[in-house]
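Participant: from the sequence below, what's the structure:
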Amino acid sequence: MKKDLENISITDNLILLIIVLIGFQQFPVIRIGGSFKLYELAALALLVIDFVYLKHFKFNSYTSIIAFGFFVVSPVLSYLYSVFFLDYPAGFYIYYPDADSFKFNYYVFPLLQLLYMFFNFCAINGIIGANFIYKNFDRVAKLIIITGTFISIYSLIAMSTVDVIGKLPQFIQNKSDFRFRSSGLSQEPSFYVLYQTWVCLFAVYSKHLFNKNIWRLILLINILSLITTFSTALVSLIAIIFLSAFFLKNSFKTRFSIFFLTGFFIATIIFAAFYFDLNDLLNGFFLNKIQNFFTSPDHTMDSGGFRSYTTGIGVKIFLSHPLTGVGVGNSVYYMYLFENKMGIISFGETLQPGSFPQNLFSIVLSEQGIIGGLLLLGFLLSCLRKFWHYRNYSKYNNMFLIGILFNITAMLSIAPQYSLFIWVFFALGLGYIKHINMGSIQNGGQQN
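Facilitator: Numbers count the residues shown, from 1 in each chain. The predicted structure follows:
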């Protein structure tokens, strides 16, 4: 490892930083027109390197080619459509007078979103091809777990006492206050739950990297931080873990443990709800949100209803511009047009100048049209095919399939598409298959 570290390139360093720091989503940030995260600056540096050394650039997998279509080709087509065929959104600035600022500048904002999409691709392609990462995968996994554990400790303290980082000046942090809910260093619990699920999965499948008691403590801290997000996405995670007993090759003991633990967890929640009279809390955090998200409620009194509302607006925008959408980032200029046309009677949360469809599939359709939608579908199906094929080659392959399935379900309530934290573990899993699984197959072996 020491020899590897001496020979590590600038590109490898940047890729390692992106993977390890992906949990630092709202602290620290650097204000340059917008809020740049550290891992975004590292990805931007990768973009510059790829551009400067363009003649040496290569796609690191077939899936990278599809990703190039989604993150580069489709956004450029959508941008060109918006430039040549869409009018200046004067009505947006009349409706939101305060939006007449650099942040929402119609000529600058879309270009910034293109930049985000481009460096997302460079990060994904770079992670897939970074041989250094997979030569030292256990050490990288350990760094992910340790970093995530420190974020969990901070999050548990912040939710129950004082959020020290939230008190810092706005030029270095962009956190929201979620008292009594764990949100890590993310903008909100629904974003943190995705990152924290991956941290927990790495912790579960990396028992061999730690002393037994330390491992148990790490697992306890991270699972507690995950549960206290009180995110409705946890329902899908429990379902996926339960179903994994059927689609992964597990011992009878492992399958029994999965059945027992999921059953015990559900029974504990139900018992606590009745015994401590927490029915209203359970309904508010989970049942009502789920119902409102998957239906068309006539209110936006909870996050599920508001996400359903913005998702519906995204579909309306898509139907108005079906081929290429309105351009990456440009949905914000069209949301207000449908604000009072979605059948909402009681408004709780309302649209703001920066509001966009809070569903990745909806926002992709609205901003990149059917072209972007098909490329996204192709990317996800290509990933799923690989993760499914290699699912039983090692414990880490088990982990990646469970994590990717959850990642995709979480996309129903996470956006926008240029959020790098959505894609990092897709790329890491694809790279694991490329460098470890496919390498071992060529050598005639199988990972255990």
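Participant: for the residue nearest to Glu40 when sequence neighbours are not counted, give me its contacts.
Facilitator: Leaving aside its sequence neighbours, Glu40 sits nearest to Leu420 (CB to CB, 6 or more residues apart in numbering; 6.3 Å). Just so you know, the C-beta spots here come from the backbone N, C-alpha and C atoms, and that holds for glycine as well. By CB atoms under 8 Å, 6 or more residues apart in numbering, the contact set of Leu420 is 18, 22, 37, 39-40, 43, 119-120, 123.
Participant: any idea how far Leu420 is from Leu337?
Facilitator: Computed as CB to CB, to the nearest Å, the Leu420 to Leu337 distance reads 29 Å.
Participant: again, but for Ala233
Facilitator: Separation of Ala233 from Leu337 (CB to CB): 30 Å.
Participant: more neighbours, these two?
Facilitator: More crowded of Ala233 and Leu337, by other CB atoms under 10 Å: Ala233, with 19 against 16.
Participant: residue contacts, the more buried one?
Facilitator: Neighbour list for Ala233: 190, 193-194, 406, 409-410, 413 [criterion: CB under 8 Å, 6+ apart].
Participant: which of these fall within helices?
Facilitator: Of the positions in the contacts of Ala233, 190, 193-194, 406, 409-410 sit in helices, assigned by DSSP state H.
Participant: returning to that earlier point: the contacts of Leu420: which two are farthest apart?
Facilitator: Among the contacts of Leu420, the pair separated by the greatest distance (CB to CB) is Ile22 and Phe119, at 13.6 Å.
Participant: need the helix or strand of the chain with the lowest average pLDDT.
Facilitator: Sorted by mean pLDDT, DSSP states H and E, the helices and strands of the chain end with helix 2-6, the least confident at a mean of 50.
Participant: what mean pLDDT does the following helix or strand past that one have?
Facilitator: The helix or strand immediately downstream of helix 2-6 is helix 10-20, counting by DSSP states H and E. On average, the pLDDT along helix 10-20 is 96.
Participant: again with stretch 209-223
Facilitator: Confidence for stretch 209-223, expressed as mean pLDDT, is 96.
Participant: roughly how far is it from the heart of the chain?
Facilitator: What separates the centre of stretch 209-223 from the centre of its chain is 24 Å, taken as CA atoms, centre = their mean, to the nearest Å.
Participant: rewinding a little: from the ones in helices among the contacts of Ala233, which is closest to Tyr333?
Facilitator: Closest to Tyr333, out of all of the ones in helices among the contacts of Ala233 and judged by CB to CB, is Ser190, at 24.2 Å.
Participant: setting the sequence-adjacent residues aside, check what's closest to Leu380.
Facilitator: Of all residues not flanking Leu380 in the chain, Ile408 sits nearest, at 6.2 Å (CB to CB, 6+ apart).
Participant: okay, and which of the contacts of Leu420 map to helices?
Facilitator: Using DSSP H, the subset of the contacts of Leu420 located in helices is 18, 39-40, 43, 119-120, 123.
Participant: what separation do you get for Gly263 and Phe137?
Facilitator: Going from Gly263 to Phe137 by CB to CB gives 33 Å.
Participant: more neighbours, the two?
Facilitator: For Gly263 versus Phe137, the count of surrounding residues by other CB under 10 Å is larger for Phe137: 17 against 11.
Participant: what's the spacing between that one and Asn60?
Facilitator: Computed as CB to CB, the Phe137 to Asn60 distance reads 16 Å.
Participant: turn the contacts of Ala233 into a markdown table, columns for distance to Val364.
Facilitator: Listed next are those as a markdown table, based on distance: CB to CB, whole Å:
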| residue | distance to Val364 |
| --- | --- |
| Ser190 | 18 |
| Val193 | 21 |
| Leu194 | 17 |
| Phe406 | 19 |
| Thr409 | 16 |
| Ala410 | 15 |
| Ser413 | 14 |
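Participant: now, of those, which are buried?
Facilitator: Burial by neighbour count, 16 or more other CB atoms under 10 Å: within those this picks out 190, 193-194, 406, 409-410, 413.
Participant: show me the helices in the stretch 251-400 of the chain, by range?
Facilitator: Under the criterion DSSP state H, counting those that start in this stretch, the stretch 251-400 of the chain contains helices at 252-275, 279-282, 288-294, 303-320, 360-389, 395-410.
Participant: nearest to Asp50, of the ones you listed?
Facilitator: helix 360-389 (19.1 Å).
Participant: could you look up the SS state of Ser35?
Facilitator: Following DSSP: H, G, I helix; E, B strand; the rest coil, the label given to Ser35 is strand.
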